[in-house]
Structure formats: C-alpha cells, structure tokens
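Engineer: coords below, sequence missing:
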C-alpha cells in the first residue's frame, strides 16, 4: 500500500501539490486566516513530509527559509529612515498612463459597494492572500521536479526581495488606500510625509499630527472592508496574530504581488514550456486585484515586472556569461607556452670530432 502511494506521488507530483495547496487555501479562507509567510512555510514542510522528503527539504530549503524570514522581519524598518513618502508623483504617473483617469478610483466607482461583499471582492482578496503561497509553492514544485532549477529560482527570489526592500527604503511609496486617509508636510517635489500615527513601526510606537485633507478621499480600503465582512470575524488572524509577521505599509514600489508571479512565469516557461504561459492570466488577475482594492498603483505593478525580468536575465544569462568569460581567460592564461631560449651555434671546442665507421667499430 505504501509503495502504491509513493508511485502515485511520483507520477502525479504536480496534481498532488496543487490539490494540497488548494485545500490549504480553502481552509484558511474559510477561517478568514491570513496566509502569512510563517504558515506557508509550515504548509510546505508538511508537503515535504507528505512526499517523504522532509530531511532533504530542510537541507535544501533551510538557508532559503532563514533568509526569507529575516527579510520579512525587516518589514516596517523602511519607515524609520528619513526619506520622503511618495504619493502625488505616483498619482500623476498612473493618470498619465490612463489619459487622466486614475485606475483605482475608476474601478472602485463602478465595482465597489460599501457594506456589501461581491464575488469579485472575494476573488480579489483571495488572490491578494496568495502573496507568499504562490511563489513559495512554485519553488516547492520546481524543487520536486528540477532541483537545479529550484536553486536558481531561490537565488532570484532572494535577490528580488533584497532589491525590493532597498527600494522601499529610498523610495517609500504610499499605496492608494493610505493616500485616501491623511497627509501632511508635502514639498514641491511631489513627495510628502503621510500621517503615521499612532503606527507601530520597526523601533516602537510613534505619533505624528494628522492633516484632515486626504489625497484620495473617494478611495476605499477594499481589503479590510472585505475581511471584516467575511464568513468569520477574525479579520485575517484567527487567533494566530501573535505568530503573524508584519508588513511595510509604504512598500508599494515595486509591487511584490506582481514581481514574484512574474518570476514564477519565467521559470515555469523554462520548466513546462508553453504551459507556463498560463501564469500570464494569473498576473493579469493580480494586477486587477491590487489596483481595484487600492493596494498598489499600476506603476507599482509595472515596476514589479521590470524587477523580476532584470533579476531573471541577470541570474540565468548575464552571470553565467560573465563567469564563463572569466573561466575562459583563466584557462587561456594557464596554457600559454613558456618562452623558449634562443639557440646559438656551438663553439669549436664544444663540437665532437668526426670519426670514421672503422674507428667507431673499434
């Protein structure tokens, strides 16, 4: 019986992983529990033991998981640096992309109904909740099918995460839902400080006086609205709040919700061929969800795509090319012939006397 189960897992790896993760998503959504990175890691450990690869998983994923958790613990740290929080320039950029129309405001005016949760609200919240499960689940699938490709995927994931966090520090971007609340101290460069308080930041609780004039008074926080009216009233925590890590409220640029699925698309195309293009539909759904809910601007999504493509091309093509060129130079230097000494004619006293054959015989 155990042998049959192993054979079934081997032949239906993709289907089993997808069914496992879909079931997990369903349970968490019904419980109104947020699929934060800690729970995703626990789910993947359970899946590894399901495939009887628990020890190998801990060996291959240990460093990756440690880096991801350490990176996640830094969320909120970006707000403690003295860089202006950007909002007006992002509004202007989105309007230029859509000929004077703000996409978030346009979508919410036509689709959002305060006090009521529609089916597309549920879809948007569910897609948004897959922020960690999708990229880590995709990495788990690559690990089961092609471990060498998984290693490269893990490298890309970490590099993209570090680049994204660095951008959050030097360019804190206010999402639409926060721009709809309070703003103060705007300068002439279209950047401003948004009301922080009371907000629990990386180094403690700080309070800043609020300006009662928001930037986007007609934009709603669809995420929190939907989570409050979900099947249960746990508001995304379900008694797990003490185990749930935070997030950076001004980490809108680039959108990691788009950056990671773009990485998955590129690696799935490499592993599954044209079938991997199905991720394009998912990315389009993600962009709709984050813009409609006011979690990101469209320019955030475009930046996420650019970050993912640049990291993928660098890891998969540029770095190997540079490494091969350096190796070729080292080999070429190692096989260079040593310089030969110049031949000179022998002196008269160095020449041997010529003897006849008879004398040689004697």
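Structural biologist: Yep, that arrived. Treat the numbers as computed from the prediction; the structure is a model and nothing was measured. Numbers count the residues shown, from 1 in each chain.

Engineer: Quick check: phi and psi on residue 173?
Structural biologist: With angles defined as degrees, to the nearest 10, residue 173 sits at phi -110, psi 120.

Engineer: where does the stretch 201-350 of the chain have low pLDDT?
Structural biologist: Within the stretch 201-350 of the chain, the ranges that satisfy pLDDT under 70 run 201-214, 230-248, 331-350.

Engineer: Residue 295: helix or strand, and which one exactly?
Structural biologist: Using DSSP states H and E, no element contains residue 295; it sits outside every helix and strand.

Engineer: Just want the most central residue of this protein.
Structural biologist: In the chain, the residue lying closest to the centroid (C-alpha atoms, centre = their mean) is residue 260, at 3.7 Å.

Engineer: Give me the contacts around the strand or helix carrying that one.
Structural biologist: Element membership of residue 260, judged by DSSP H and E, is helix 256-272. Applying C-beta atoms under 8 Å, 6 or more residues apart in numbering, the set of residues contacting helix 256-272 from outside is 128, 131, 134-135, 138, 142, 145-146, 149, 152-153, 156-157, 160-161, 164, 275-277, 279-280, 282-283, 286-287, 289-290, 295-296, 300-301, 304-305, 307-309, 311-312, 316. The C-beta positions use only the backbone N, C-alpha and C, and glycine is treated the same way.

Engineer: Which parts of that helix count as buried, going by neighbours?
Structural biologist: Neighbour counts over helix 256-272 (16 or more other C-beta atoms under 10 Å) mark 256-268, 270-272 as buried.

Engineer: if we can go back for a sec, which ChimeraX command selects the buried ones in the contacts of helix 256-272?
Structural biologist: The ChimeraX selection below is limited to those of these classed as buried (16+ other C-beta under 10 Å):
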select :128,131,134,135,138,142,149,152,153,156,157,160,161,164,276,279,283,286,287,289,290,295,296,300,301,304,305,307,308,311,312,316
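
Engineer: Identify those among the contacts of helix 256-272 that sit within helices.
Structural biologist: Mapping the contacts of helix 256-272 onto helices (DSSP state H) picks out 128, 134-135, 138, 142, 145, 149, 152-153, 156-157, 160-161, 164, 279-280, 282-283, 286-287, 289-290, 300-301, 304-305, 307-309, 311-312.

Engineer: What are the buried residues along the helix or strand containing residue 22?
Structural biologist: Element membership of residue 22 [criterion: DSSP H and E] is helix 13-30. Within helix 13-30, the residues that count as buried by 16+ other C-beta under 10 Å are 16, 17, 20, 21, 24, 25, 28, 29.

Engineer: how about these in a markdown table, adding distance to residue 226?
Structural biologist: Putting the buried residues of helix 13-30 into a markdown table (distance: C-beta to C-beta, whole Å) gives the following:
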| residue | distance to residue 226 |
| --- | --- |
| 16 | 31 |
| 17 | 28 |
| 20 | 26 |
| 21 | 22 |
| 24 | 20 |
| 25 | 16 |
| 28 | 15 |
| 29 | 11 |
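
Engineer: which of these sit farthest apart?
Structural biologist: 16 and 29 (20.5 Å; C-beta to C-beta).

Engineer: just the helices in the stretch 51-200 of the chain please.
Structural biologist: 54-73, 88-97, 103-111, 119-129, 133-145, 147-170, 176-179 (DSSP state H, counting those that start in this stretch).

Engineer: most tightly surrounded among these?
Structural biologist: Highest mean neighbour count of these: helix 176-179, a mean of 26 (counted as mean count of other C-beta atoms under 10 Å).

Engineer: Tell me the predicted confidence for residue 37.
Structural biologist: On the pLDDT scale, residue 37 is placed at 77.

Engineer: so it touches residue 134, yeah?
Structural biologist: No. In this structure, residue 37 is not within contact of residue 134 by C-beta atoms under 8 Å, at 12.0 Å.

Engineer: what's the distance between residue 98 and residue 66?
Structural biologist: Separation of residue 98 from residue 66 (C-beta to C-beta, to the nearest Å) stands at 41 Å.

Engineer: ok, now residue 54?
Structural biologist: Taking C-beta to C-beta, one finds residue 54 at 17 Å from residue 66.

Engineer: try residue 88
Structural biologist: 39 Å.

Engineer: Helix, strand or coil: sort out residue 220 for me.
Structural biologist: coil (DSSP: H, G, I helix; E, B strand; the rest coil).

Engineer: In contact with the nearest residue to residue 155 once chain neighbours are set aside, which residues are there?
Structural biologist: Sequence neighbours aside, residue 315 is the residue nearest to residue 155 in space, at 5.6 Å (criterion: C-beta to C-beta, 6 or more residues apart in numbering). Listed by C-beta under 8 Å, 6+ apart, the contact set of residue 315 reads 152, 155, 156, 159.
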